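In: with the sequence up front, the predicted model follows.
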Amino acid sequence: MLLSKNDSPPFKLYNETCDTPVLLVCDHAGNEIPENLKSLGLSREVLETHIAIDLGCRDLAIALSDLMKSTLILASYSRLTIDLNRSPYDETLITPISDGIKIPGNQDLSTIDQESRLEEIFNPYHAAIDGEIKRLQDRRSRVGVISMHSFTPSMSGRSRPWEIGILWAKDERISRPLINSFRSEIDLCVGDNEPYDARENYGYTVESHGEKAEVPSVLIEVRQDQIDSDLGVKKWADKIFQHLNPILLDLALSVD
Ligand SMILES: [Zn+2]
């Protein structure tokens with residue numbers, strides 16, 4: 001067993017009784033490390049940086065969940081323990097290095113060590129997403145999934161101008177009108193498949209629970225310096241809700 005009685009469950013449900021037919025998910029909401037893994041050999045300072053957690057994203061997702069009256073699934077453990085937005089076969093699932101920083105607790109893992117992280121953290125998290133989609137589908141004919149992330153303002157020496165990025169691969173039902181709506185704000189720099197291009201590599205969560213299941217879906221990334229204060233979180237939750245809600249209404253994905 002990896003998780004002990006002092007450890008958190010792998011995910012928490014927030015607003016769990018809501019039946020708005022859109023599920024919010026936050027793969028990188030947490031930075032906990034199971035006690036047995038001894039902080040992966042990292043300092044507390046490193047575990048407070050963007051390599052361990054999507055800074056600001058938990059608070060943003062919670063604020064958006066309250067506005068949308070949508071159930072939200074929040075991951076507890078750091079992406080450095082196991083990245084919930086990677087395929088189980090991806091070589092960065094349990095990454096040995098991140099943004100140039102070696103992760104001591106992820107070097108030369110045995111198959112048993114890898115499988116315990118999959119079985120006790122990754123699989124229950126993704127089963128919870130399936131379970132919540134099914135619960136909502138039992139109430140509504142159509143259900144959507146929105147994956148919330150945040151990104152660091154500068155990566156590999158390159159600064160990123162976009163305040164918000166909308167990521168999509170094949171399904172443009174939410175992404176295209178959402179990009180157009182955000183771009184009506186002329187002072188906003190809106191990323192269309194930036195800072196990552198989902199057509200090249202979507203990550204696991206939206207691809208598996210959204211695109212492959214033909215569930216309307218999108219991934220929203222907000223730059224971390226925009227949501228590093230209570231005021232910033234509130235501003236961006238309000239802004240995302242204001243642009244997103246009419247689109248969800250059009251798609252019959254809102255209760256209002
Ligand atoms: Zn993320």
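Out: Nice, I can see it.

In: quickly find the element holding the residue in the stretch 51-200 of the chain that the ion sits nearest to.
Out: Residue nearest to the ion within the stretch 51-200 of the chain: His149 (3.4 Å; CB to the ion). Backbone N, C-alpha and C define where each C-beta goes, glycine included. Here His149, judged by DSSP states H and E, is contained in strand 144-151.

In: can you tell if the next helix or strand after that strand touches the ion?
Out: Downstream of strand 144-151, the next assigned helix or strand under DSSP H and E is strand 154-155. No. Residues of strand 154-155 are not located near the ion by CB under 5 Å from the ion, the shortest gap being 12.3 Å.

In: so how far is strand 154-155 from its chain's centroid?
Out: 19 Å (CA atoms, centre = their mean, to the nearest Å).

In: same thing with stretch 93-112?
Out: How far stretch 93-112 lies from its chain's middle: 21 Å, per CA atoms, centre = their mean.

In: list the buried residues in that stretch.
Out: Residues 93-95, 98, 103, 105-106 are the ones in stretch 93-112 that count as buried (16 or more other CB atoms under 10 Å).

In: what helices or strands is the helix or strand in which Leu249 is found leaning on?
Out: With elements taken from DSSP H and E, the one containing Leu249 is helix 230-250. The contact analysis (3 or more CB pairs under 8 Å, 6 or more residues apart in numbering; DSSP states H and E) places helix 230-250 against helix 57-68, helix 175-182, strand 217-223.

In: what about Pro161, neighbour count?
Out: Pro161 has 10 neighbours, counted by other CB atoms under 10 Å.

In: revised request: answer the last question for Leu3.
Out: Leu3: 19 neighbours (other CB under 10 Å).

In: residues contacting it?
Out: 10, 34, 36, 120-121 (CB atoms under 8 Å, 6 or more residues apart in numbering).

In: max pairwise distance over these: which two?
Out: Pro10 and Asn36 (14.1 Å; CB to CB).

In: who has more neighbours out of the two?
Out: Neighbours were counted for Pro10 and for Asn36 using other CB under 10 Å; Pro10 has more, 25 against 13.

In: the closest residue to the more buried one other than its chain neighbours in helix, strand or coil?
Out: Counting by CB to CB, 6 or more residues apart in numbering, the nearest residue to Pro10 once its immediate chain neighbours are dropped is Ile121, at 4.4 Å. Here Ile121 is recorded as helix under DSSP: H, G, I helix; E, B strand; the rest coil.

In: how close does Ile121 sit to His243?
Out: 33 Å (CB to CB, to the nearest Å).

In: please apply the same query to Ile62.
Out: On the measure of CB to CB, Ile62 and His243 end up 19 Å apart.

In: out of the two, which sits in the busier spot?
Out: Using other CB under 10 Å as the criterion, Ile62 and His243 rank with His243 on top: 23 against 20.

In: does the more buried one touch Leu178 like I think?
Out: Yes. The pair formed by His243 and Leu178 meets the contact definition of CB atoms under 8 Å, at 6.1 Å.

In: and the stretch 51-200 of the chain, which of its residues are near the ion?
Out: Checking the stretch 51-200 of the chain against the ion by CB under 5 Å from the ion, the hits are 54, 149.

In: so where do the helices sit in the stretch 51-200 of the chain?
Out: 57-68, 111-117, 123-137, 175-182 (DSSP state H, counting those that start in this stretch).

In: go through the ones you listed and name the closest to Cys189.
Out: For those, proximity to Cys189 was assessed by CB to CB; helix 175-182 is nearest, at 9.6 Å.

In: would you mark the buried spots in the closest one?
Out: Applying 16+ other CB under 10 Å to helix 175-182 flags 175, 177-179, 181-182 as buried.

In: and the lowest-mean-pLDDT helix or strand in the chain, which strands flank it?
Out: Of all helical and strand segments in the chain, the minimum by mean pLDDT, DSSP states H and E falls on strand 154-155, at a mean of 87. If you go by DSSP bridges, strand 154-155 pairs up with strand 158-159 (antiparallel).

In: chain center to the strand it pairs with: distance?
Out: Relative to the centre of its chain, strand 158-159 is centred 22 Å away, using CA atoms, centre = their mean.
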